[in-house]
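A.B. asks: Take a look and give me a structure for this.
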Amino acid sequence: MFISLISILLLAAVSVLVLSFFSQYFYKSAIPTFSNTLLQSKVEVELNQLEFDKTKFEALEDSALTTKPDSVQAEVKKSLEATKQVNQVSTSSFSSEDRLATLTEPANQAVTLTGWLGETNGTGVANIVINLSSPYQNLYYSTVTDQHGGFLIEGVQVSNYYQLKIEAGKKYKPIYLEKISITNNTLPLYITLQPLNLVPLKGVVVDIYGGYVPNFSIKIHSLVNPLYNKELITDNFGRFALTQFPRGEIYFSTQSPNFFEIKGIDLSESSGHEITVPVDIGMKQISGWVHDKNGLPITAARILLDAESTINGVANHSIRSIITDETGYFEFKHLGQGEHYVAVYAGGFISQELNYNTRSRIDQLYFRLFPGDESLITSETLKLKFKQATETF
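C.D. replies: Numbering: from 1, shown residues only. Have a look, this model is predicted:
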C-alpha cells in the first residue's frame with residue numbers, strides 16, 4: 001500500500017515535469033511563429049499602403065510644380081516624405097523577405113553608387129561628367145569618369161525618382177534616363193555610349209514661292225545631340241553645305257532683326273542628305289501708323305508681327321519686331337502670305353492686338369492708342385508674344 005502511494009506520487013511528479021517542458025517548448029516555438037505571422041501581415045498592409053501612396057505621388061508629380069492649393073502641396077509633401085523614409089524599389093521583383101527588410105531599413109540611408117561608361121567594344125571613356133539628380137527631393141550628385149571609364153558617387157540618398165544625364169561630347173548620343181531607383185542593393189551601372197552617325201549635309205533656303213534666298217544667315221541645330229549647332233550663311237544661290245552633321249531630326253533658327261524657327265526636317269529621311277529649308281519670306285508688306293487719341297504720332301511704339309504656317313510639310317514660325325519713327329510710321333517688308341498676329345505696345349498706353357490676314361501686296365493699318373495705367377498689357381497672349389520678342393531681339 002505504501003509502495004503504491006509512492007509510485008503514484010513519483011508518476012505525478014514526472015507528469016508535471018513533462019508538461020512544463022512541453023509548455024516552454026511550445027511557448028518558444030509557437031508564439032514567435034504567431035508573432036512573425038502578425039509582423040508579416042503588418043508588412044503586407046504597409047506595403048499596400050506604400051503602393052497606394054506611390055500611385056498618388058506619381059499622379060501628383062507632374063502638377064506639383066504648377067499647382068498652388070495648399071491641400072495639393074501637402075499631399076505632395078507627404079508622398080515625398082514617404083519616398084525618402086522607405087527604401088521601396090520595384091517591390092514586385094522582390095521576395096517577401098526582401099520587402100520586409102526594405103521596410104525596416106533606416107530613413108535617409110546613403111549608399112555608394114559605382115559604374116562604368118564606355119563604348120560598345122569595351123573601351124572605357126574618360127573625363128565624362130555623370131549627373132544624377134532628384135529635383136523633387138532636391139538631391140544632386142555629379143562625378144567624372146576615370147581613365148578606364150569607371151565612376152563612383154558616395155553618399156547617394158536612397159530614392160526611386162533619380163534622373164541620369166550624360167552628355168559625352170560630339171562623338172556620342174547624350175543619355176537622359178528618368179525614374180531610376182537607387183537602393184542599398186543597387187548593382188554597379190554599366191552604361192554603353194552609342195556613337196553618332198555623322199553624314200555630309202547640303203541644303204538650300206527658299207522663300208514661300210520656292211525662290212532662292214541668298215546671303216541669308218541661319219543656324220542649324222541637332223535634336224539628337226544639342227552640342228551640334230552651326231551658324232551658316234547661304235551663297236548667292238541660297239545654298240549651304242556641311243562636311244558632317246548628326247543624322248536625325250534637325251531644326252533651323254535665326255536671330256535679329258527677324259526671328260525664324262523651322263522645324264520638322266529629318267536628316268535620316270533626306271535623300272542624298274540634301275534638304276530644302278523654307279522660310280516665311282514673301283512679297284507681302286504691312287505698314288501703318290500709331291497715334292494717340294488726339295491723332296498725334298507716338299514715337300518708338302513697339303510693333304510685333306507673329307506668324308505660324310506649314311510650308312511643304314515643314315512647320316514655320318516667324319516673329320518680326322520694329323519701332324515707329326518720329327511720325328509714328330512703321331513698315332514690314334518681305335512677308336509671307338496668310339494670317340499674322342499684330343500687336344502694338346507703347347509706354348503709357350493700353351496695348352492693342354489683332355489677327356490680320358494679308359489681303360493685297362501692300363496693306364496699311366492704323367492704330368489709335370489710349371492712355372493706360374503704367375503701360376498695362378491687358379492680353380495674356382500679348383504678354384507672351386512680347387516676352388518672346390524681348391528675348392529674341
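A.B. asks: end-to-end on stretch 322-335?
C.D. replies: 14 Å (Cα to Cα, to the nearest Å).
A.B. asks: Output stretch 343-358 as PDB, restricted to C-alpha atoms.
C.D. replies: Coordinates of the C-alpha atoms in stretch 343-358 are reproduced here as PDB (Å, rounded to 0.1, in the frame of the first residue of the first chain):
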ATOM      1  CA  ALA A 343       0.400  93.700 -81.500                       C
ATOM      2  CA  VAL A 344       1.200  97.400 -80.600                       C
ATOM      3  CA  TYR A 345       2.700  98.500 -77.300                       C
ATOM      4  CA  ALA A 346       3.900 101.900 -76.200                       C
ATOM      5  CA  GLY A 347       4.800 103.300 -72.800                       C
ATOM      6  CA  GLY A 348       1.900 105.000 -71.100                       C
ATOM      7  CA  PHE A 349      -0.800 103.500 -73.400                       C
ATOM      8  CA  ILE A 350      -3.000 100.500 -73.400                       C
ATOM      9  CA  SER A 351      -1.800  97.900 -75.900                       C
ATOM     10  CA  GLN A 352      -3.700  96.700 -78.900                       C
ATOM     11  CA  GLU A 353      -3.700  93.400 -80.800                       C
ATOM     12  CA  LEU A 354      -5.400  91.800 -83.700                       C
ATOM     13  CA  ASN A 355      -5.200  88.900 -86.100                       C
ATOM     14  CA  TYR A 356      -4.800  90.200 -89.600                       C
ATOM     15  CA  ASN A 357      -4.900  88.200 -92.900                       C
ATOM     16  CA  THR A 358      -2.900  89.900 -95.700                       C
END
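A.B. asks: So which bits of that stretch are buried?
C.D. replies: Of all the residues in stretch 343-358, those buried under the rule 16 or more other Cβ atoms under 10 Å are A343, V344, Y345, A346, F349, I350, S351, Q352, E353, T358. Every residue, glycine included, has its C-beta placed from N, CA and C.
A.B. asks: Same check on stretch 163-183?
C.D. replies: For stretch 163-183, by 16+ other Cβ under 10 Å, it's L164, I166, E167, A168, Y172, K173, P174, I175, I180, I182, T183.
A.B. asks: Need the residues you listed in JSON lines (columns: secondary structure and pLDDT).
C.D. replies: What follows is those, written out as JSON lines (DSSP: H, G, I helix; E, B strand; the rest coil; pLDDT from 0 to 100):
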{"residue": "L164", "secondary structure": "strand", "pLDDT": "94"}
{"residue": "I166", "secondary structure": "strand", "pLDDT": "94"}
{"residue": "E167", "secondary structure": "coil", "pLDDT": "90"}
{"residue": "A168", "secondary structure": "coil", "pLDDT": "89"}
{"residue": "Y172", "secondary structure": "strand", "pLDDT": "93"}
{"residue": "K173", "secondary structure": "coil", "pLDDT": "91"}
{"residue": "P174", "secondary structure": "coil", "pLDDT": "93"}
{"residue": "I175", "secondary structure": "strand", "pLDDT": "92"}
{"residue": "I180", "secondary structure": "strand", "pLDDT": "88"}
{"residue": "I182", "secondary structure": "strand", "pLDDT": "90"}
{"residue": "T183", "secondary structure": "coil", "pLDDT": "88"}
